[in-house]
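Asker: Just to be clear, the model below is a prediction. Sequence and coordinates:
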Amino acid sequence: MSGPTTTAATAAPALVARVDEELPLRLARSAGAARGAVRHAADVHAWLEERRRAHRFRVDRIAFADLDGWSFDPDTGNLGHRSGKFFTVEGLRVTAGSDGRERTWHQPIIRQPEVGILGILVKEFDGVPHFLMQAKMEPGNRNLLQLSPTVQATRSNYTKAHKGADVRYIEYFTQPGRGRVLADVLQSEHGSWFYRKSNRNMLVEAVGDVPEHDDFRWLTLGEIGELLRQDNVVNMDARTVLACAPLPDTEALALHSDTELLSWFTTERSRHDVSARPVPLADIPGWKRGEDSIDHEEGRYFSVVAVGVQAGSREVSGWTQPLFEPTGVGVTAFLTRRIDGVPHVLVHARVEGGFADTVELGPTVQYTPPNYAHLPDEERPPFLDLVLGADPARIRYEALHSEEGGRFLNAESRYLFLDTDEDQAPLQAPPGYLWVTPGQLAGLLRHNHYVNVQARTLLSCLTSGAVTL
C-alpha cells in the first residue's frame, strides 16, 4: 500500500535561516564605503543648498491666538487640533521613587498616541548597499533642512488627515512584497517631552527599480558617517533608524555577560516606582501661560510656543502648530573605556516621565546644563561637570545635532564620546550605571524600548563609522 501523495496544497512550508549572516557583512561594506568622503560631503552640502533654493522655507513665531485649527480646550486647557488628529499638549503629573526616595513634578507633555513610520530604503549599487536619504524641512531645525529618512511620517501624515499630498515611498513600508525587511522595531521618542510615543524604525531593501526624485539621494553608510561628524546635517529620525542597522558583532568578551546585563536592567526597571498620568494642562503648578508661550515660573526646562510655517517641499505647503522650545543646548555623552582592550561605554538607567516603561538605557550624561546651574556641587548630576570640563585630547567624537524638528524648536544637543580612566569613571560604577559594550547595546536595539533616542544617536555614529572606539 503506497503512502499519501504530497501535493502543493499539503507541502510543508520551506524553512529559512533564523539569521541572515550575510546582511551584517553587506552593511559593514557600506559603512566602509566613503568614496572620498570629504569631497562627497561637500557635494551633499551643495545638493542640500540647491534644495533650499528650490523650495520656499520660512518659520515665524506667532501668538497662540494666531494658530489655525489649534485651540485651548475651555475646560482642561489642553492644546489640540480641531480634527482630533496630530497631537495634543497636555499636562503630566509624575511621581518617581527608588531606594526610599521619592520626587514629584508637573510639566506640559506632547501626547501623540499614533505610531509613526521612520523608514530608510536600501538598495545595492555595484555590490554596496546605499541608503535613500531625503532633504527634508522641519520647522524646529535651526537650519531647517537636514537629511532625514526616506519616510518620516505619522499615521495622520500618511493617511492624509492634513488633506495634503501623498508621502513619497510610503508603499515600501506599508505594502508587503515591495521590499525585504532588514530591521523593524518600535522605539521610543524623547521621554521627557512625549507621553509614551513610539515610532516604527525600519530598514527595507527595495525590490526592483526605485523611482527617483530631486529631494532624495542614495548614500552609503560611510558617507552618512562622514556627515554625522558635522553639525546639524543628519536629523534625529535618520539617526535612530541608522542605529538599528545590524552590523557584525566582533565582541566575544565584555565586562558583564549578556545575562548579567539583562538582569541588571530588569532590576533597574523593578526598583524604580514611576507613576505618570496626564492631567489638565490648565492645572499644572509651576507653569504659566501667556499670549505666545507657556513657561516654567523659574525660566527653566522648556517653553511651549507657536509657529507659522511655509514649506514648499512638504505634503502641505503652509500650516501653524505648537512646538516645545528648550532653555539651552543639551549635553549628551557616553563615557568610554577600553577594558582589557575591549571598548565599553557607561550607560545610565534613566527615568523619564513619558517612557512606556519605568526606565530606558541612556547615555552617561544627558542634561541641559542651565537647568542645573543653581544646584550646589553635591546635588549636580553625576559626570556632568566631567564632560563640561573635558580635556579636548580625550574627546573621541563631538558634534552638535538637532533633536526632533517636527515637534521641538531649536532643540540641539552637543553629542560626545569621551575617553576616561579609573579616577574619572571607575569600573565599579555608581548605582544606576553599568559598563557595556556597543555590541551589547546593539543587541538590545532588536527589542522595543530598551535604549533611548539619545543613546541611539550616539550608536548611529558607531554603526556609520563616524567614530571608532
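Answerer: Received the coordinates, thanks. Numbers count the residues shown, from 1 in each chain.

Asker: Next one: the closest residue to L459 other than its chain neighbours from S464, what distance?
Answerer: Once flanking residues are discounted, L459 sits nearest to A243: 4.1 Å by Cβ to Cβ, 6 or more residues apart in numbering. Just so you know, the C-beta spots here come from the backbone N, C-alpha and C atoms, and that holds for glycine as well. Applying Cβ to Cβ, to the nearest Å, the value for A243 to S464 is 9 Å.

Asker: higher neighbour count, these two?
Answerer: S464 (29 against 25; other Cβ atoms under 10 Å).

Asker: Okay, that one and V351: tell me how far apart.
Answerer: 29 Å.

Asker: now do G191
Answerer: Distance from G191 to V351, by Cβ to Cβ: 8 Å.

Asker: Repeat that for R196.
Answerer: Distance of R196 to V351, computed by Cβ to Cβ: 14 Å.

Asker: Quick one: end-to-end distance for stretch 417-430.
Answerer: 19 Å (Cα to Cα, to the nearest Å).

Asker: Which SSE is immediately downstream of the least confident helix or strand in the chain by mean pLDDT?
Answerer: Using mean pLDDT, DSSP states H and E, the weakest-scoring helix or strand in the chain turns out to be helix 155-158, at a mean of 67. Of the helices and strands lying after helix 155-158 in sequence (DSSP states H and E), the nearest is helix 171-174.

Asker: Let's see that next one as PDB, backbone CA atoms only.
Answerer: Taking C-alpha atoms only, helix 171-174 is exported to PDB below (Å, rounded to 0.1, in the frame of the first residue of the first chain):
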ATOM      1  CA  GLU A 171       4.300  51.900  -0.100                       C
ATOM      2  CA  TYR A 172       7.700  50.200   0.500                       C
ATOM      3  CA  PHE A 173       7.000  50.300   4.300                       C
ATOM      4  CA  THR A 174       3.300  49.600   4.300                       C
END
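
Asker: Show residues contacting the helix or strand just after it.
Answerer: Sequence order places strand 179-188 as the next helix or strand after helix 171-174, per DSSP H and E. Strand 179-188 is contacted from outside by 23, 115, 121-122, 172-173, 194, 197-207, 240-241, 244-246, 355-356, 360, 445-449, 451-453, 456, using Cβ atoms under 8 Å, 6 or more residues apart in numbering.

Asker: May I ask you to name the longest helix in the chain?
Answerer: helix 37-54 (DSSP state H).

Asker: Can you tell me what sits against it?
Answerer: For helix 37-54, using Cβ under 8 Å, 6+ apart, the contacting residues are 34, 135, 144-147, 214-215, 217, 219, 222-223, 225-227, 230, 233, 312-313.

Asker: Buried ones among those residues?
Answerer: Buried by 16 or more other Cβ atoms under 10 Å: 34, 135, 144-147, 215, 217, 219, 222-223, 225-227, 233, 313, out of the contacts of helix 37-54.

Asker: Give me the subset of those that lies in strands.
Answerer: In strands, judged by DSSP state E, the following of the buried ones among the contacts of helix 37-54 are found: A135, L145, Q146, L147, R217, L219.

Asker: which two in those residues are spaced the farthest apart?
Answerer: The two members of these with the most space between them (Cβ to Cβ) are L145 and L219, at 15.6 Å.

Asker: The stretch 1-150 of the chain: helices as residue ranges?
Answerer: For the stretch 1-150 of the chain, the helices defined by DSSP state H, counting those that start in this stretch cover 22-31, 37-54.

Asker: deepest of these, which one?
Answerer: helix 22-31 (a mean of 18; mean count of other Cβ atoms under 10 Å).

Asker: tell me what that one is packed against?
Answerer: Contact here means 3 or more Cβ pairs under 8 Å, 6 or more residues apart in numbering; DSSP states H and E; on that basis helix 22-31 packs against strand 128-137, helix 221-228.

Asker: Can you lay out those as TSV showing mean pLDDT and distance to S275?
Answerer: Below are these laid out as TSV (pLDDT from 0 to 100; distance: least, Cβ to Cβ, whole Å):
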stretch	mean pLDDT	distance to S275
strand 128-137	96	37
helix 221-228	96	37
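
Asker: Dump the ones in strands among the buried ones among the contacts of helix 37-54 to JSON lines, plus distance to R29.
Answerer: Supplementary listing: these in JSON lines, determined by distance: Cβ to Cβ, whole Å:
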{"residue": "A135", "distance to R29": "25"}
{"residue": "L145", "distance to R29": "29"}
{"residue": "Q146", "distance to R29": "26"}
{"residue": "L147", "distance to R29": "21"}
{"residue": "R217", "distance to R29": "19"}
{"residue": "L219", "distance to R29": "14"}
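
Asker: just these now: which is nearest Y415?
Answerer: Nearest member of those to Y415, counting by Cβ to Cβ, is Q146, at 14.6 Å.

Asker: Hmm, the closest one is touching K136, no?
Answerer: Yes. Between Q146 and K136 a contact is recorded at 6.8 Å, counting by Cβ atoms under 8 Å.

Asker: joint contacts of these two?
Answerer: Once Cβ under 8 Å, 6+ apart is applied, the residues that Q146 and K136 both contact turn out to be N235.

Asker: before we move on, back to that, between R196 and V351, which one's more packed in?
Answerer: The neighbour count for R196 versus V351, taken as other Cβ under 10 Å, is higher for V351 (23 against 19).

Asker: ok, and the closest non-adjacent residue to V207?
Answerer: Using Cβ to Cβ, 6+ apart and skipping the chain neighbours, the partner closest in space to V207 is G179 (5.5 Å).

Asker: So in terms of bridging, what pairs with that neighbour?
Answerer: A206 (DSSP bridges).

Asker: any idea how far V309 is from R456?
Answerer: With Cβ to Cβ as the criterion, V309 and R456 are 27 Å apart.

Asker: Going by how many neighbours each has, rank those two and give me the top one.
Answerer: Neighbour count, other Cβ under 10 Å: between V309 and R456, R456 has more, with 25 against 22.

Asker: dump the residue contacts of the residue nearest to the more buried one when sequence neighbours are not counted.
Answerer: Excluding the flanking residues, the one nearest R456 by Cβ to Cβ, 6+ apart is A243, at 3.9 Å. Applying Cβ under 8 Å, 6+ apart, we find A243 in contact with A442, L445, V451, R456, T457, L459, S460, T463.

Asker: I'd like a version of those in TSV, one that adds pLDDT, secondary structure and distance to A411 as further columns.
Answerer: Putting the contacts of A243 into TSV (pLDDT from 0 to 100; DSSP: H, G, I helix; E, B strand; the rest coil; distance: Cβ to Cβ, whole Å) gives the following:
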residue	pLDDT	secondary structure	distance to A411
A442	96	helix	26
L445	95	coil	23
V451	98	strand	20
R456	98	helix	16
T457	98	helix	12
L459	98	helix	20
S460	98	helix	17
T463	96	helix	23
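
Asker: Farthest pair within those residues?
Answerer: Most distant of these, by Cβ to Cβ, are A442 and T457, 13.8 Å apart.

Asker: Which one's more surrounded, the two?
Answerer: For A442 versus T457, neighbours defined as other Cβ under 10 Å are more numerous around T457 (24 against 21).

Asker: any idea how far the residue nearest to the more buried one when sequence neighbours are not counted lies from M137?
Answerer: Residue nearest to T457 in three dimensions, not counting chain neighbours: R239, with 4.5 Å by Cβ to Cβ, 6+ apart. Look at R239 and M137: by Cβ to Cβ, they are 17 Å apart.
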